[in-house]
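Enquirer: structure for this input, please:
(one chain, ligands or ions: 2)
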Amino acid sequence: MLAYTYRKQGEFTLQNKPEPVLTHAGDAVVRVTMSSICTSDLHIKHGSVPRAVPGITVGHEMVGVVEQVGSAVKTVKPGDRVAVNVETFCGHCFFCQHGFVNNCTDPNGGWALGCRIDGGQAEYVRVPYADQGLTVIPDRVSDRQALFAGDVLATGYWAARISEIQQGDTVLILGAGPTGICTMLCAMLHHPHRIIICDPDPARLRFVREHYPDVLTITPEHAQEFVQLNSPHGGADVVCEVAGSDDSFRLAWECARPNAIVSIVALYDKPQTLPLPDMYGKNLTFKTGGVDGCDTAEILRLIENGQLDTTPLITHIFPLNEIEAAYDLFEKRRDGVMKVAITPPEK
Ligand SMILES: [Zn+2]
Ligand SMILES: [Zn+2]
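Expert: Ligands and ions are numbered 1, 2, ... in the order given. Prediction:
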């Protein structure tokens, strides 16, 4: 089968590999019907994910059809359409039991697919702990609708959940890329009074204005003043920091009102400064990332009910055999690209 493979720093190649087989009783093998490219894939390519293992198939955002299951798998069966979770988790340890699946103590837990084990930019993928890693997609939900449920949308859902958004709040989201927009869509589920989204890229702000006209947009250099003007208490009640750029952490707490919650969803390249003397008396609550991706069933239910729709984010579609062109487009952010969907190879 074709599999897009991490060869070494700076090099991914499309190569032929044997189809995956079941190796544990909890495994499932899934035929991938649609996958996507994530910014984290680019981080692997550029060597900023030290745990990534050369030779693995990349890709951790996908949906497909179950082909085979191991003897211990209970929740899915061959023929089921499923969303694949980015995180592998055991479901039994202390952290899993409390919903903190990102901190699963299983040695194979965490972000394994497409990083430490073969992922889904391929024709087939083996998913360990399939009872936790796979969620059946409701019949009325298409692959396109479900594509992001296990990764960027899971992140947005989690970010909005931990941010404790109250009805009537002003919510500021820093970053209008795919994860920022998923966070925005999930923030809407909590009925805030107003959402402001901030990004330096005019194309991304235009995308937001076109699709979500009720959301206010602003660039970082004017954000603090704009947020003050558009919130009744001198700053945002909730800030979700999804940008992860050099100045966005500072901007996040500066734009927050006293006693606000500031959620850090972003993954930074460098350490960030927490200047406690400057924020003394502001009484902020900080919450920090990574995603606990254990809400896929609820996310799919919201999609089925028409309360969540990420299909506008799919701006381009390529077959697997043309995935190199898809990466080139995504990486260089050409042609207004938000997300690229990868379909099975055209033979
Ligand atoms: Zn991702
Ligand atoms: Zn666990």
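
Enquirer: state the pLDDT value of the nearest residue to Lys270 once chain neighbours are set aside.
Expert: Excluding the flanking residues, the one nearest Lys270 by Cβ to Cβ, 6 or more residues apart in numbering is Asp246, at 7.7 Å. All C-beta atoms are positioned from the backbone trio N, CA, C, and that covers glycine. The confidence metric pLDDT takes the value 91 at Asp246.

Enquirer: now swap in Asn102 and tell me
Expert: Predicted confidence (pLDDT) for Asn102: 93.

Enquirer: look up phi and psi at whichever residue of the stretch 101-250 of the chain sits closest to ligand 1.
Expert: Using Cβ to the ion, Asp151 is the residue of the stretch 101-250 of the chain that sits closest to ligand 1, at 4.3 Å. Comment: the main-chain dihedrals of Asp151 come out as phi -130, psi -90, following degrees, to the nearest 10.

Enquirer: got a list of what it touches?
Expert: Contacts were defined as Cβ atoms under 8 Å, 6 or more residues apart in numbering; by that measure Asp151 touches Ser36, Cys38, His60, Glu61, Val86, Gly293.

Enquirer: again with His43
Expert: So His43 contacts Val49, Leu267 (Cβ under 8 Å, 6+ apart).

Enquirer: near ligand 2, which residues of the protein? Just list them.
Expert: With the criterion set to Cβ under 5 Å from the ion, the chain comes near ligand 2 through Phe89, Cys90, Cys93, Cys96, Cys104.

Enquirer: contacts for stretch 334-347?
Expert: Contact partners of stretch 334-347, identified using Cβ under 8 Å, 6+ apart, comprise 2, 32-37, 59, 121, 123, 144, 147-148, 152, 177-178, 181, 203-204, 207, 312-321, 323, 326, 328-330.

Enquirer: tell me the confidence at Leu320?
Expert: Residue-level confidence at Leu320 comes out at 98, pLDDT.

Enquirer: sort the contacts of Asp151 by pLDDT and name the bottom one.
Expert: pLDDT across the contacts of Asp151 is at its lowest for Gly293, which sits at 90.

Enquirer: does that one touch Val84 like I think?
Expert: No. The pair formed by Gly293 and Val84 falls short of the contact definition of Cβ atoms under 8 Å, at 10.3 Å.

Enquirer: how many neighbours does the closest residue to ligand 2 within the stretch 201-347 of the chain have?
Expert: Each residue of the stretch 201-347 of the chain has a distance to ligand 2, by Cβ to the ion, and the smallest belongs to Cys294, at 10.3 Å. Taking other Cβ atoms under 10 Å as the neighbour definition, Cys294 ends up with a count of 21.

Enquirer: for the closest residue to it other than its chain neighbours, give its distance to Pro192.
Expert: Take Cys294 and drop its neighbours on the chain: the residue closest to it by Cβ to Cβ, 6+ apart is Val101, 4.7 Å away. Distance check for Val101 against Pro192: by Cβ to Cβ, to the nearest Å, it reads 26 Å.

Enquirer: give me every residue that touches the closest residue to Arg116 other than its chain neighbours.
Expert: Nearest-residue entry for Arg116: Val53, 5.4 Å, with adjacent residues in sequence omitted and distances by Cβ to Cβ, 6+ apart. Under the criterion of Cβ under 8 Å, 6+ apart, the contact partners of Val53 comprise Tyr6, Cys115, Arg116, Ile117.

Enquirer: gap between the third one and Phe207?
Expert: When distance is defined by Cβ to Cβ, Arg116 is 33 Å away from Phe207.

Enquirer: repeat for the second one
Expert: Remark: distance between Cys115 and Phe207 (Cβ to Cβ) = 28 Å.

Enquirer: give me the more crowded residue out of these two.
Expert: In terms of neighbours (other Cβ under 10 Å), Cys115 is the more surrounded of Cys115 and Phe207; the figures are 24 against 21.

Enquirer: surely that one is in contact with Ser48?
Expert: No. Using Cβ under 8 Å, Cys115 is not in contact with Ser48; the gap is 11.9 Å.

Enquirer: returning to what we had before: tell me the phi and psi of the residue of the stretch 201-347 of the chain closest to ligand 2?
Expert: Dihedral angles (degrees, to the nearest 10) for Cys294: phi -120, psi 20.

Enquirer: spit out the contact partners of it.
Expert: Remark: with contacts taken as Cβ under 8 Å, 6+ apart, Cys294 is in contact with Asn85, Glu87, Phe89, Gly99, Val101, Gln132.

Enquirer: how about those in a markdown table, adding neighbour count and secondary structure?
Expert: Output for these, formatted as a markdown table (neighbours: other Cβ atoms under 10 Å; DSSP: H, G, I helix; E, B strand; the rest coil):
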| residue | neighbour count | secondary structure |
| --- | --- | --- |
| Asn85 | 26 | coil |
| Glu87 | 24 | coil |
| Phe89 | 27 | coil |
| Gly99 | 12 | coil |
| Val101 | 24 | helix |
| Gln132 | 24 | helix |
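
Enquirer: which pLDDT value goes with Thr23?
Expert: pLDDT, Thr23: 97.

Enquirer: now swap in Ser48 and tell me
Expert: For Ser48, pLDDT reads 84.

Enquirer: can you get me a residue count around it?
Expert: Ser48 sits with 13 neighbouring residues when counted by other Cβ under 10 Å.

Enquirer: for ligand 1, what's its nearest residue on the protein.
Expert: Closest contact between the chain and ligand 1, by Cβ to the ion, is at Cys38 (3.1 Å).
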